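Participant: Whatever this is, show me its structure:
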Amino acid sequence: MSRTAHAPTAQDFVPFATAAIDFHRALNLPAGPLVTSRTELDLLHGHLIAVYELLDAHALRTGSLVPVEGDCLSAARTRIWQAADHVHAAFHAAPRPDSGEVPDREACRAGLPEGAPEPTICRRHQTAARLVRRRSTPADLHGPFTGLIRH
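Facilitator: Numbering: from 1, shown residues only. Okay, the predicted model is just below:
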């Protein structure tokens, strides 16, 4: 009997990503610092952007074949972007790594209180934002409900 190799599918890798997140939370949060570090926020942002891109690919492929499912995936994609946008904002509001100083709320509203942006998270966020602008309208991003219901 010969063995045939199968091509890896999403089902082969997504459970490992989920398990890694769960493992990370269980190990690091109970004994970790009370305030989330910028490094942690950067890593979480990277994860959310990867999930956004995966949902984007699924929404595009599925939407033309099964519109209702495509609408649901598009809504999920929008919600993930909103989560990534909030994590990006939390990154800039987090304590500064050199001094531990926490920017006050007014400084955060005025822009980037720490000066030049961190290259990794900000570059990733801006790259993803270009894709978001092509796929979403401002109403999609700011409305209380992001999905269409087709009957």
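Participant: Show me where the chain has its helices.
Facilitator: 10-28, 38-63, 67-93, 105-110, 119-135, 138-142 (DSSP state H).
Participant: Those: lowest mean pLDDT?
Facilitator: Mean pLDDT is lowest for helix 105-110 among the helices of the chain, at a mean of 58.
Participant: Spatially central residue in the protein, please.
Facilitator: Centroid-nearest residue in the chain: L48, 2.1 Å away (criterion: CA atoms, centre = their mean).
Participant: any idea how far the nearest residue to it once chain neighbours are set aside lies from S99?
Facilitator: Ranked by CB to CB, 6 or more residues apart in numbering and with sequence neighbours excluded, the top spatial neighbour of L48 is A84, at 4.0 Å. Yep, even glycine has a C-beta here, placed from its N, CA and C like the rest. Relative to S99, A84 is positioned 27 Å away (CB to CB, to the nearest Å).
Participant: More neighbours: which of the two?
Facilitator: Each of A84 and S99 has its neighbours counted (other CB atoms under 10 Å); A84 has more, 25 against 8.
Participant: For that one, which residues are in contact?
Facilitator: H45, L48, I49, Y52, H125, A128 (CB atoms under 8 Å, 6 or more residues apart in numbering).
Participant: Once you drop chain neighbours, what's closest to V102?
Facilitator: P95 (5.0 Å).
Participant: what's the distance between the closest residue in space to C122 that isn't next to it in sequence and L60?
Facilitator: Of all residues not flanking C122 in the chain, H88 sits nearest, at 7.7 Å (CB to CB, 6+ apart). H88 sits 24 Å away from L60, going by CB to CB.
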